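>>> Output the structure for:
(one chain, ligands or ions: 1)
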Amino acid sequence: MNHQVHRLVPHVTDGTADADTVTWARAMQAAFLGPRMDPGDLARAAAAYAGQRLRGVWETADPAPVATLRSWDAQMSVPGGELAVDAISSIGVRSTHRRRGLLRAVLVDDLAEAVRTGTPVAALTSTQGSLYERFGFGLATWTRSISLDTRAARFRVPEPTGRLRTLDVATLPSAAAPVQDRARRRHPGSMARDAGSWTPLLTGEVGFSGMVPDRHRHAVLWSDATGRPGGYVVYRVARGWGETGVAEVAVLDLQATTPESYRELWRHLASLDLVGTVTWSDASVDEPLPWLLADPRPVALGTSREMLWLRILDVPAALGARRYPVTDRIVLAVDDPARHAAGTWAVDTTDPVEPRATTTGDEPDVALDAATLGALYLGGVDPRVLARAGRLEERTPGAAGRLARLFAAPSVPWNGIRF
Ligand SMILES: CC(=O)SCCNC(=O)CCNC(=O)[C@H](O)C(C)(C)COP(=O)(O)OP(=O)(O)OC[C@H]1O[C@@H](n2cnc3c(N)ncnc32)[C@H](O)[C@@H]1OP(=O)(O)O
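Numbers count the residues shown, from 1 in each chain. So this is what the prediction gives:
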């Protein structure tokens, strides 16, 4: 079935969105099993979409779309640099209209616009793990939950350094945004937080909670001895101390620009009175926390979850935007039914400052599909593992190992912000 996709530009005045955007937001919320909201709350929730692109499929005479998608331009860190990506979210289809190709229609339309405007990569986080590979998205970063038994935690550096300051709704965006911008450069795959997400991060007033405020959230900024801000943490009291006498705190976002700021933010969390446990569900898979402590046992590592899915839309631009730790020339044959990444590409890093991916008639060293290339792009998975899984074919002996050395990232890719 051929679905006509339309675009909607949100208009936001005095913190509330226009009527069409509100109708769009209501349809999107319903697809995600969100609560029913009164129009005022919905208009405030939808104000976060200012400057973003809304898409939908509308049926005749019904003002509410049957399918929704939201996207915006975001900066993402890549090894040795950064890249503008098409960040995609809010893909929802009315429960009565599923499995008729509506997700496909809105997503294909959005990707086509990203290609037209020269955006080399699309990025999303997903509610389900099986949806997006068929559209060429590969799983590029993971997170892992971590928890700290604060009463048993002893820091190897015994004395705190720097200064801590609490932030409120008025001060969080201006104080934390520049810190996040610096911190994310330490982790390939880390995305810039979009402007509209700072206030809800602290108030808890998000559409999916029906804009019900969460008054148990706190934000703390750490600055070094010179007064330069170096990190922040936003956390919520997940369980109060009333029942058991011991509260539990959940980290919502923690960004550190230096080892010192990382240590002092964790020291702050560990020192909270009345708290027994601090948890963080979207931590990096390689958190240094256990190494800060005299005894690592108070740290418990939990389950991994998939986080960021990447779709390479422009191979020369995407591969040329990152840096590589070794010089090599490897030929990749990329299969992509949507054609965006299809071709035989020579990835040549002989000039480390200007690596290039160009089309070639040479025999490929490796054959893979577009989703596998997206998974590999940040260096978050070893190509030899993908070869063992049959996701990548070595056409010349040892090519997967060469690819592993070429694509290796300077630090483990991580994005701590679901969007
Ligand atoms: C980036 C994000 O926003 S992630 C959020 C995804 N949205 C949600 O979880 C909200 C609730 N769910 C929904 O709104 C819908 O069920 C959606 C968006 C997941 C799917 O929408 P639909 O219009 O039914 O999908 P559509 O018919 O276009 O299917 C596209 C393909 O995905 C497959 N697919 C769709 N839903 C699922 C699913 N739940 N599990 C596995 N495969 C699925 C279809 O079989 C189809 O495959 P094919 O084209 O290879 O044959």
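>>> His268 is in contact with Trp222, correct?
Yes: assessed by C-beta atoms under 8 Å, Trp222 is found in contact with His268 at 7.3 Å. All C-beta atoms are positioned from the backbone trio N, CA, C, and that covers glycine.
>>> Counting neighbours, go ahead and name the busier of those two.
Here Trp222 and His268 are set side by side on neighbour count (other C-beta atoms under 10 Å), and the busier one is Trp222, at 27 against 17.
>>> Against which helices or strands is the host helix or strand of that one packed?
Element membership of Trp222, judged by DSSP states H and E, is strand 217-223. Using 3 or more C-beta pairs under 8 Å, 6 or more residues apart in numbering; DSSP states H and E as the contact criterion, the secondary-structure elements in contact with strand 217-223 are strand 163-167, helix 172-183, helix 198-203, strand 229-239, helix 259-270.
>>> Quick check: next helix or strand after the top helix by length along the chain?
Across the chain, the longest stretch assigned as helix under DSSP state H is helix 102-116. Next in sequence after helix 102-116, counting helices and strands by DSSP H and E, comes strand 121-124.
>>> is that next one up against the ligand anywhere?
Yes: on the criterion C-beta under 6 Å from any ligand atom, strand 121-124 is in touch with the ligand at Leu124.
>>> Okay, now the unreliable bits of the stretch 101-250 of the chain?
Under the criterion pLDDT under 70, no range of the stretch 101-250 of the chain is flagged.
>>> how about the residues of it that lie near the ligand?
Of all the residues in the stretch 101-250 of the chain, those in contact range of the ligand (C-beta under 6 Å from any ligand atom) are 101-104, 124, 126-128, 130-131, 134.
>>> Give me the nearest residue to Ala409, chain neighbours excluded.
Gly379 (3.1 Å; C-beta to C-beta, 6 or more residues apart in numbering).
>>> In contact with that neighbour, which residues?
Contacts for Gly379 were tallied using C-beta atoms under 8 Å, 6 or more residues apart in numbering; they are 79, 188, 407-409, 413.
>>> Top of these by number of neighbours, please.
Taking other C-beta under 10 Å to define a neighbour, the member of the contacts of Gly379 with the most is Pro188, carrying 28 neighbours.
>>> Report how many residues lie close to the nearest residue to Ser197 once chain neighbours are set aside.
Counting by C-beta to C-beta, 6+ apart, Ser197 lies nearest to Ala48, which is 6.7 Å off, once chain neighbours are set aside. Taking other C-beta under 10 Å as the neighbour definition, Ala48 ends up with a count of 24.
>>> ok, now how distant is Ala48 from the ligand?
Spatial separation of Ala48 from the ligand under the definition C-beta to the nearest ligand atom, to the nearest Å is 15 Å.
>>> Hmm, that residue is touching Trp198, no?
No: taking C-beta under 8 Å as the definition, Ala48 is not a contact partner of Trp198, at 9.8 Å.
>>> quick one, what contacts the residue in the stretch 201-350 of the chain that the ligand sits nearest to?
When distances are taken as C-beta to the nearest ligand atom, the stretch 201-350 of the chain approaches the ligand most closely through Trp309, which lies 8.1 Å from it. By C-beta under 8 Å, 6+ apart, Trp309 lies in contact with 123-126, 132, 137-140, 374.
>>> Now do the helix or strand encompassing it and helix 259-270, the angle between them.
Secondary structure here is read from DSSP H and E; on that basis Trp309 sits in strand 299-312. Between strand 299-312 and helix 259-270, the angle comes out at 130 degrees (axes from the mean of the first three to the mean of the last three C-alpha atoms, to 10 degrees).
>>> I'd like the mean pLDDT over stretch 402-412, please.
Mean pLDDT, taken over the full extent of stretch 402-412, equals 97.
>>> Could you report the neighbour count for the nearest residue to Ala183 once chain neighbours are set aside?
Using C-beta to C-beta, 6+ apart and skipping the chain neighbours, the partner closest in space to Ala183 is Gln255 (3.8 Å). Other residues near Gln255 come to 25 when the count uses other C-beta under 10 Å.
>>> If Gln255 is in a bridge, with which residues?
Going by DSSP bridges, Gln255 is paired in beta bridges with Tyr232.
>>> which ones are touching it?
176, 179-180, 183-184, 231-233, 416.
>>> Report pLDDT for the most far-flung residue of the chain relative to its centre.
Here the chain has its C-alpha centre computed as a mean, and the residue farthest from that point, by C-alpha atoms, centre = their mean, is Ala61 with 36.6 Å. Residue-level confidence at Ala61 comes out at 87, pLDDT.
>>> Okay, it and the ligand: tell me how far apart.
Going from Ala61 to the ligand by C-beta to the nearest ligand atom gives 21 Å.
>>> So that residue, which state does it fall into?
The local conformation at Ala61, judged by DSSP: H, G, I helix; E, B strand; the rest coil, is coil.
>>> ok, now which ones touch Gly204?
Listed by C-beta under 8 Å, 6+ apart, the contact set of Gly204 reads 212-217, 236.
>>> just to revisit the earlier point, now for Trp222 and His268: what residues contact both?
Both Trp222 and His268 are in contact with Leu164, where contact means C-beta under 8 Å, 6+ apart.
>>> returning to what we had before: does anything pack onto the very next helix or strand once past the strand holding Trp309? Which helices or strands?
From strand 299-312 onward toward the C-terminus, using DSSP H and E, the following helix or strand is helix 315-321. When contacts are defined as 3+ C-beta pairs under 8 Å, 6+ apart, helix 315-321 sits against strand 81-93, strand 343-348, strand 356-359.
>>> Which helix or strand lies directly C-terminal to helix 315-321?
Toward the C-terminal end, the helix or strand that comes next after helix 315-321 (DSSP H and E) is strand 329-335.
>>> got the buried residues for that next one?
Neighbour-count burial for strand 329-335 flags 330-334 (criterion: 16 or more other C-beta atoms under 10 Å).
>>> Please identify the pairing partners of that strand and their relative orientation?
For strand 329-335, the paired strands and their directions (DSSP bridges) are strand 343-348 (antiparallel), strand 366-369 (parallel).
>>> Save those strands as CSV, and put in distance to Arg26, mean neighbour count and mean pLDDT too.
Formatted as CSV, the strands paired with strand 329-335 follow (distance: least, C-beta to C-beta, whole Å; neighbours: other C-beta atoms under 10 Å; pLDDT from 0 to 100):
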stretch, distance to Arg26, mean neighbour count, mean pLDDT
strand 343-348, 43, 19, 98
strand 366-369, 37, 22, 98
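>>> ok so, going back, the residue nearest to Ala409 belongs to a strand, doesn't it?
No: under three-state DSSP, Gly379 falls outside any strand and is assigned coil.
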